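Trainee: For reference, the sequence and a predicted model appear below.
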Amino acid sequence: MTHPVVIVGASMGGLRTAESLRRFGYTGPITVIGQEIHAPYNRPPLSKEVLAKEVTHEAVAFEQRPATADVNWVLGTKAVSLDSEHNTVTDSEGQVHQYSALVIATGLRPRRVNFPNGELANRFALRTLDDAIALRSQLSEGKNVVIIGGGFIGCEVAATATKLGCNVTVIHNAAHPMLRPLGTELASQMQLRHEAMGVRFLLKREAKDLVGESHVTGVVLDDGTVIDCDVLIEAVGSLPNVEWLSNNNIDRNDGVLVDSAMRVMKKDGTAFKNIFAIGDVARFANPIFDLVPRKVEHWNIPTETAKRAGSVIASMLNGAEDYPAILDEDFKPVPSFWSDQYDIHLLAFGLLSLADKVTLVAGDVAGDCFFEYHRGDQLVGVCGIGMRSVVQSYRAKFV
Amino acid sequence: MIKIEVDMTKCQHYGQCVFEAPDIFRLNSDDKLEYTAEADDSERANIEAAIDVCPMQAIRIVE
């Protein structure tokens, strides 16, 4: 009996891996285990247009192709342990899945803030469709919405909640929202645009505790100020879902370390032959920039890493003669991301956060403009408000 | 022949599709997406890749 390729994680990365396996000629069984009950769906709209309207699975579900119609989806089930010696994954129902190859696509979960008085209702984070559905029902006109964390998710939710008529306050620990990725000039400009729409920023501040008996009614800041709060949203980054991989000698410090073929690395620096990781949870070096392995939480990375893993696994399981050559192929995906806040469309390529110098190249910061991001002499990114054709033309510089 | 449909109510003109299927998709001088609605079967893999990378999931092959 042929054991299936088992993919743990039924998000975009899991789906794209299954598609890629088929595209590269693997015809055997595929099992996808997913913690959520929903078939794969597109997450970015959850903080934007979907949150602004009615949130449904139908609005965000990925269309599935005939090639993956025979995939065995095991949804609403969590992988709880891996036995890499016997090639098995055990799920939360107690089912043991034997695999020929394993793909770890368990992604990230939102980091939550620890408060002394933290056991209160009306605390939200935003990652899943169910998170968005729960949050949507709370975002009505006149509500005091407090967002902890002024990164992209925090700012996108701030824009959406403002459009819905909420009074929005963002608590952020740096001098400007989105400062680390965007740099001072663009980040301070984005702040101005948010403020013009009515968002209040409490900068270089931290939330220390909550006020309330059953529900959150206030947030206590590090300077002792208390701000009114009906709905609390925590957007303070994420943690990799790697706990289930314990006791397998896997390097899972800040995500799962993989080589350029997406093969998971052991702590001794050698690669597992049949265990792969893709998507947000994978930490890989991108020679476009340097040889430092990083998790890259950009939307195109699950698709790029899934394609790579699918091609490697398909040729391995099909016994392809050129398998060693496929293993050795370069993997240099160009990270790309975008963000919609009000009518502002940000589009970026590269890894902006690596930059030590940010330069306005064209346009006016108050209108459409774009910036180059350099680390020393090396161009590491480009980001624009509007001016998409120009920003796009930069992508070729990274390929 | 492949028939392609882009839902222009969803499309936000990010142009990610342009990189995957440059013979089908392009941004015009106003940064708006334009596309060729019919393509040869040889373009299928490129068009499927374009569908995959569309942030708004606005592209479909209709037949």
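Mentor: Right, received. Where do you want to start?
Trainee: how far away is the nearest residue to residue A:110 once chain neighbours are set aside from residue A:134?
Mentor: Distances taken as C-beta to C-beta, 6 or more residues apart in numbering or on different chains place residue A:125 nearest to residue A:110, at 3.7 Å, with adjacent residues excluded. No exception for glycine: its C-beta is placed from N, CA and C like everyone else's. Using C-beta to C-beta, to the nearest Å, residue A:125 is found at 10 Å from residue A:134.
Trainee: Can you verify my assumption that residue A:42 contacts residue B:58?
Mentor: No: using C-beta atoms under 8 Å, residue A:42 is not in contact with residue B:58; the gap is 10.6 Å.
Trainee: And stretch B:33-49, what's buried?
Mentor: In terms of neighbour count (16 or more other C-beta atoms under 10 Å in any protein chain shown), stretch B:33-49 has its buried residues at B:33, B:35, B:39, B:43, B:46-49.
Trainee: Return only those of those residues found close to chain A.
Mentor: With C-beta under 8 Å from any C-beta of the partner chain as the criterion, the buried residues of stretch B:33-49 include residue B:48 near chain A.
Trainee: and the buried residues of stretch B:33-49, which of them are in helices?
Mentor: B:46-49 (DSSP state H).
Trainee: Contact partners for the residue in the stretch 1-150 of chain A that chain B sits nearest to?
Mentor: Proximity of the stretch 1-150 of chain A to chain B (C-beta to the nearest C-beta) peaks at residue A:42, 5.3 Å away. With contacts defined as C-beta atoms under 8 Å, 6 or more residues apart in numbering or on different chains, residue A:42 is in contact with A:12, A:60-62, B:55, B:57.
Trainee: Return the helix or strand in chain A with minimum mean pLDDT.
Mentor: Sorting the helices and strands of chain A by mean pLDDT, DSSP states H and E puts helix A:49-52 at the bottom, at a mean of 83.
Trainee: circling back to that earlier point, please say which of residue A:125 and residue A:134 ends up with more neighbours.
Mentor: More crowded of residue A:125 and residue A:134, by other C-beta atoms under 10 Å in any protein chain shown: residue A:125, with 22 against 15.
Trainee: wouldn't the more buried one be in contact with residue A:112 here?
Mentor: Yes: using C-beta under 8 Å, residue A:125 is in contact with residue A:112, at 6.4 Å.
Trainee: export the longest strand belonging to chain B as PDB, just CAs?
Mentor: In chain B, assigned by DSSP state E, the strand with the most residues is strand B:2-6. Taking C-alpha atoms only, strand B:2-6 is exported to PDB below (Å, rounded to 0.1, in the frame of the first residue of the first chain):
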ATOM      1  CA  ILE B   2      -9.000  29.100 -22.800                       C
ATOM      2  CA  LYS B   3     -11.500  31.800 -21.800                       C
ATOM      3  CA  ILE B   4     -10.400  34.100 -18.900                       C
ATOM      4  CA  GLU B   5     -12.600  36.300 -16.800                       C
ATOM      5  CA  VAL B   6     -11.400  38.900 -14.300                       C
END
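Trainee: Now stretch A:332-343: buried residues?
Mentor: Going by neighbour count (16+ other C-beta under 10 Å), the buried part of stretch A:332-343 is A:333-342.
Trainee: Any chance of JSON lines for these, columns distance to chain B, secondary structure and pLDDT?
Mentor: Below are these laid out as JSON lines (distance: C-beta to the nearest C-beta, whole Å; DSSP: H, G, I helix; E, B strand; the rest coil; pLDDT from 0 to 100):
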{"residue": "A:333", "distance to chain B": "11", "secondary structure": "coil", "pLDDT": "96"}
{"residue": "A:334", "distance to chain B": "9", "secondary structure": "coil", "pLDDT": "95"}
{"residue": "A:335", "distance to chain B": "12", "secondary structure": "coil", "pLDDT": "94"}
{"residue": "A:336", "distance to chain B": "7", "secondary structure": "strand", "pLDDT": "92"}
{"residue": "A:337", "distance to chain B": "9", "secondary structure": "strand", "pLDDT": "89"}
{"residue": "A:338", "distance to chain B": "5", "secondary structure": "strand", "pLDDT": "90"}
{"residue": "A:339", "distance to chain B": "10", "secondary structure": "strand", "pLDDT": "91"}
{"residue": "A:340", "distance to chain B": "7", "secondary structure": "strand", "pLDDT": "89"}
{"residue": "A:341", "distance to chain B": "13", "secondary structure": "strand", "pLDDT": "93"}
{"residue": "A:342", "distance to chain B": "13", "secondary structure": "coil", "pLDDT": "92"}
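Trainee: if we can go back for a sec, which residues are in contact with each of residue A:125 and residue A:112?
Mentor: Here residue A:125 and residue A:112 have residue A:234 as joint contacts, going by C-beta under 8 Å, 6+ apart.
Trainee: I'd like the mean pLDDT over stretch A:172-185, please.
Mentor: Average pLDDT, stretch A:172-185: 96.
Trainee: Pull the most distant pair out of the buried residues of stretch B:33-49.
Mentor: Largest separation among the buried residues of stretch B:33-49 by C-beta to C-beta: B:33 and B:48, giving 17.6 Å.
Trainee: how about the residue in chain B that chain A sits nearest to, secondary structure?
Mentor: The minimum distance from chain B to chain A, using C-beta to the nearest C-beta, falls at residue B:31 (4.4 Å). Under DSSP: H, G, I helix; E, B strand; the rest coil, residue B:31 falls in the coil class.
Trainee: before we move on, back to that, nearest to residue A:244, out of the contacts of residue A:42: which one, please.
Mentor: Distances from residue A:244 to the contacts of residue A:42, taken by C-beta to C-beta, are shortest for residue A:12, at 20.0 Å.
Trainee: what's near enough to touch the closest residue to that closest one other than its chain neighbours?
Mentor: Computed as C-beta to C-beta, 6+ apart, the closest residue to residue A:12 that is not its neighbour in sequence is residue A:302, at 5.0 Å. By C-beta under 8 Å, 6+ apart, the residues touching residue A:302 are A:11-13, A:16, A:105, A:278-280.
Trainee: again, only this time at 10 Å
Mentor: Taking C-beta atoms under 10 Å, 6 or more residues apart in numbering or on different chains as the contact definition, residue A:302 lies against A:9, A:11-17, A:43, A:105, A:107, A:278-282, A:296, B:52.
Trainee: Over to residue A:244?
Mentor: Neighbouring residues of residue A:244 by C-beta under 10 Å, 6+ apart: A:8, A:78-82, A:89-92, A:104, A:106, A:252.
Trainee: Contacting chain B as well, which ones from these?
Mentor: When contact is defined as C-beta under 10 Å from any C-beta of the partner chain, these do not meet chain B at all.
Trainee: Neighbour-wise, give me the winner out of those residues.
Mentor: The member of the contacts of residue A:244 that has the most neighbours, counting by other C-beta under 10 Å, is residue A:104 with 34 neighbours.
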